[in-house]
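predicted model, plus sequence, below.
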Amino acid sequence: MPKEILMPALAAGMEEGHLVRWLKSEGEAVKRGDLLAEIETDKAVMEMEAEDEGRLGPILIADGSRGVAVGTLIASILADGETAPARAASLAVAPAVAAPVVAAVPAGAASSKPAPSTPAPSTPAPLVPAAPVPSLAARAPSIAALVAARKVVASPLARRLADDLGVDLAALSGSGPKGRIVRIDVEKARHQRAAPAAPRLSTAAPRLSPGAGQGGLNHAWLRQGEGRPLVLVHGFGSELNGWRPFLAGAALSRPVLGIDLPGHGGSAGHGAARFEALVAAVGETLERLGLFDLDLVAHSLGAAVAVALAAEGYPDVRSLFLLAPAGLGPDINGAFVSGLARARTAESLAPWMGELVADPAVLTPAFVRAAAAARADEALVAAQLRLAAALFPDGTQAFSVRAELEQLRIPVTVVAGTEDRIIPPGHMRRLPGMVGLHLFSGVGHMPQLEIRDAVWRLLERHLRAAG
């Protein structure tokens, strides 16, 4: 018989949850242990695993549904030839409609006098009419409101901001692709509510200055071109200009955008320290720039940020091309992280940069001097020391994106080296089967510099596959 999937109690005292999104589609094969959906409690977003095998039946509670009571039937797992439970249709709207209370006795009928043990035979007990059950038509506004709320299409960052500011997303018109509500729409609504007479805000994405708010990361268009842009996100201790040697001489027709992570380059004063704050800052910057259809190319820490951003549901991230990604295991070269974060001169920086590659000759003196010049800013060094302490305490990666990587349904390519002295190459094991892994012998933590031409060939192949 069909195996019911009920809204689980994922925390002590949990009475209801927010079904963030389904990770399986109706009719898709399911095996025990597969991740079925993301459920948000009042403390965290957690994953619900399948306890049976079969195929996923009709989904009764849609993505984004809030206030779903624990124990509510949300779907079922069906064996071959089985159909969904007969009661699914009525339970599909159960969380949205409060069950009517049917009175057993009329109001005021309760009495302190004990009832007679046996009623008089000649006097039958009166038939007490039950309270009328609202018709479907009477309940339609509540159901319609639920359906309308579920149809609101908004980015995760816009939803988070709307919750913080108390803005009703259902009342907004989205300016993003296909009417999607994005951050700027929520900000505009807040502005108009606070000051109705103020001039209308422009939706044009201005050039953001370094550290301008939580979304204002420094960025630069490293290449002009036509088509879907490539967005490059660097690793710890680097900056967007670190991509220039990789881009030099490349035949590329697409526009290329580089972004400085918080605490790096022109974003040194941004102030974000937690991993989640880095992800939010990159996503908000892309939203402000109006970029909703892009491919992400990212290295090390930036690669982990890219995975988390795509898993969060950032609209139309078409693919991920990840170079020596962080966030796939706990250990990291802690001495390198702290040494690089402290270095201020070319002399103190060169030995640590040598750890990045299998052959130090790859790093020219000019490249090292340029990196050292960028680290002359005391505020930047202080920011990276804070980041190192928060993200890599005691030589440990205090964040993980392995589960997020397993959820993605977009093309993902990973390029790494067997001689990586920063992140153990063993972290690349157990990647999801759909992820393309290219592990190069004799290459360290910087394949984009050590085997530049090979990486470009792989990137071109990856982009063709992504469409």
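Perfect, I can see it now.

just checking, Met46 is part of a strand?
Yes. Under DSSP: H, G, I helix; E, B strand; the rest coil, Met46 falls within a strand.

quick check: bridge partners of it?
Bridge pairing for Met46 (DSSP bridges) gives the partners Ile39.

next, count neighbours for it.
16 (other Cβ atoms under 10 Å). For the C-beta atoms, the positions are set from N, CA and C on the backbone; glycine is no exception.

my guess is it contacts Ile39. True?
Yes. Using Cβ atoms under 8 Å, Met46 is in contact with Ile39, at 5.6 Å.

name the residues of stretch 458-467 that are buried.
458-459, 462-463, 466 (16 or more other Cβ atoms under 10 Å).

and it, what's its mean pLDDT?
In this model, stretch 458-467 carries a mean pLDDT of 92.

repeat for stretch 261-281
Mean predicted lDDT for stretch 261-281 stands at 91.

with stretch 64-81 instead?
87.

repeat that for stretch 373-384.
Taken as a whole, stretch 373-384 has an average pLDDT of 87.

now do the end-to-end distance for it.
Across stretch 373-384, the terminal residues are separated by 15 Å (Cα to Cα, to the nearest Å).

who touches it?
With contact meaning Cβ atoms under 8 Å, 6 or more residues apart in numbering, stretch 373-384 is reached by 236-237, 239, 241, 262-265, 268-271, 340-344, 349.

where exactly do the strands run in the stretch 151-300 of the chain?
Along the stretch 151-300 of the chain, the segments classed as strands by DSSP state E, counting those that start in this stretch run 219-223, 230-233, 256-259, 294-299.

could you point out which element follows the last one?
Looking back up the chat, that one is strand 294-299. Using DSSP states H and E, the next helix or strand after strand 294-299 towards the C-terminus is helix 301-311.

looking at this protein, which helix or strand is least sure?
helix 88-91 (a mean of 37; mean pLDDT, DSSP states H and E).

Val435 contacts Val414, correct?
Yes. Using Cβ under 8 Å, Val435 makes contact with Val414 at a distance of 5.9 Å.

of those two, which one has the most company?
Val414 (20 against 16).

now do the phi/psi pair for Val401.
Backbone dihedrals for Val401, given as degrees, to the nearest 10, come out at phi -120, psi 20.

surely it touches Glu312?
No. Val401 is beyond contact range of Glu312, at 10.7 Å (criterion: Cβ under 8 Å).

same drill for these two, tell me which one is more crowded.
The neighbour count for Val401 versus Glu312, taken as other Cβ under 10 Å, is higher for Val401 (26 against 18).

so what's the more buried one up against?
304, 307-308, 311, 325, 327-328.

swap in 6 Å and give it another go.
With contact set as Cβ atoms under 6 Å, 6 or more residues apart in numbering, Val401 has these partners: 304, 307-308, 327.

max pairwise distance over those residues: which two?
Ala308 and Gly327 (7.8 Å; Cβ to Cβ).

comparing those two, which residue is more hemmed in?
Gly327 (27 against 23).

in space, what's closest to that one - neighbours in sequence excluded?
Ala304 (3.3 Å; Cβ to Cβ, 6 or more residues apart in numbering).

does the one you found touch Ala326 like I think?
Yes. Ala304 is within contact range of Ala326, at 4.5 Å (criterion: Cβ atoms under 6 Å).

that's a strand at Ala341, yeah?
No. Per three-state DSSP, Ala341 lies outside any strand segment and is helix.

centre-most residue in this protein?
Glu312 (1.4 Å; Cα atoms, centre = their mean).

state the number of residues packed around the nearest residue to Ala171 once chain neighbours are set aside.
Counting by Cβ to Cβ, 6+ apart, Ala171 lies nearest to Ala189, which is 7.5 Å off, once chain neighbours are set aside. For Ala189, the neighbour count with other Cβ under 10 Å is 21.

quick one, grab the pLDDT at Ala189.
At Ala189, pLDDT is 81.

verify the stated contact: it with Val167.
Yes. Counting by Cβ under 6 Å, Ala189 does reach Val167; the two are 5.0 Å apart.

next, count neighbours for the residue nearest to Gly327.
Neighbours of Ala304 (other Cβ under 10 Å): 30.

with Asp394 instead?
7.

show me what contacts Arg430?
Applying Cβ under 6 Å, 6+ apart, no residues contact Arg430.

helix, strand, or coil at it?
Under three-state DSSP, Arg430 comes out as coil.

confidence score at it?
87.

Ala361 now?
Confidence score, pLDDT, at Ala361: 87.

one more: Gly33?
Value listed for Gly33 in the pLDDT field: 76.

for Leu146, same thing?
On the pLDDT scale, Leu146 gets 40.

do the same with the one 10 residues further on
Pro156 carries a pLDDT value of 60.

what do you get for the one 3 residues further on?
Taken from the predicted model, the pLDDT recorded for Arg159 is 73.

any idea how far Ala75 is from it?
23 Å (Cβ to Cβ, to the nearest Å).

pick out whichever of the two has more residues nearby.
Just comparing Arg159 and Ala75: by other Cβ under 10 Å the higher neighbour count belongs to Ala75, 26 against 19.

ok but that one is inside a strand, no?
Yes. According to three-state DSSP, Ala75 belongs to a strand.

so who does it touch?
5, 57, 59-60.

is it possible to export the residues you listed to JSON lines including pLDDT, distance to His219 and neighbour count?
Formatted as JSON lines, the contacts of Ala75 follow (pLDDT from 0 to 100; distance: Cβ to Cβ, whole Å; neighbours: other Cβ atoms under 10 Å):
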{"residue": "Ile5", "pLDDT": "90", "distance to His219": "43", "neighbour count": "24"}
{"residue": "Gly57", "pLDDT": "91", "distance to His219": "45", "neighbour count": "22"}
{"residue": "Ile59", "pLDDT": "93", "distance to His219": "39", "neighbour count": "18"}
{"residue": "Leu60", "pLDDT": "91", "distance to His219": "43", "neighbour count": "23"}
